[in-house]
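[1] Everything below, folded, please.
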Amino acid sequence: MGYWLLFLFASLALAHECAQNCTIVGNATKDQCVYYEQNMDWLPTAYVKSATCACTGAKGLWDDGWNSPTSHCVRNFLLAGHRAINDTFKAEMRAKKEKYCVPAICNPEYLFWIEKNWVPIAYKVHVDAYRHCCCPKGPAPFWSWQALMLNYEGIVGCPLIVTAIEGFGKCGCQGW
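    Numbering: from 1, shown residues only. Now for the predicted structure:
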């Protein structure tokens, strides 16, 4: 039992340590999270809803971590990564969304296409952001990103999204 408690306390103590020999660079605050809503025409709606929650956090839940230099760095890297996606791919995403989605729901063909073509890109941008911003841990597992695409109408609210990030995809640096 003593070893288990030692392991638990050691894990908690290390939860706020950033990766060694790494400099946190980038400062995107929560007010820049409007990017996702502004790009709803090509980004998957479920992604926009969840990314906005992940970007802004949920009031009263881990506020210090969501306002840390590390979270500002991750936000900055993610926004730059989304902006860097080539216009041809954005146009293809926009065309698919217009063809297969109505305001309340998307055709399964669209969801399969998003899972195959968009989710790997979004996931890689997040993996790279965490690495770039000195996070000793990575984002939530890939399967959770696939499941995220089912949050089409934002049924899963921001507190649950933020709690899931804290549980499955916490950076592990500066309380975030």
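
[2] so where's this structure uncertain?
    1-16, 60-63, 150-155 (pLDDT under 70).

[3] Can you report how many residues neighbour Gly175?
    Neighbourhood size, Gly175 [other CB atoms under 10 Å]: 17. To be clear about C-beta, it is placed using only N, CA and C from the backbone, and glycine gets the same treatment.

[4] Same question for Asn21.
    Neighbours around Asn21, by other CB under 10 Å: 5.

[5] any idea which helix or strand carries it?
    Counting by DSSP states H and E, there is no helix or strand that carries Asn21.

[6] Phi, psi for it please.
    phi 50, psi 40 (degrees, to the nearest 10).

[7] Quick check: the gap between it and Asp41.
    According to CB to CB, to the nearest Å, Asn21 and Asp41 sit 41 Å apart.

[8] And for Thr23?
    Counting by CB to CB - Thr23 and Asp41 are separated by 36 Å.

[9] So which residues of this protein form strands?
    101-102, 105-106 (DSSP state E).

[10] Work out the sheet partners of the last one and label each with its direction, please.
    Okay, so that is strand 105-106. strand 101-102 (antiparallel) (DSSP bridges).
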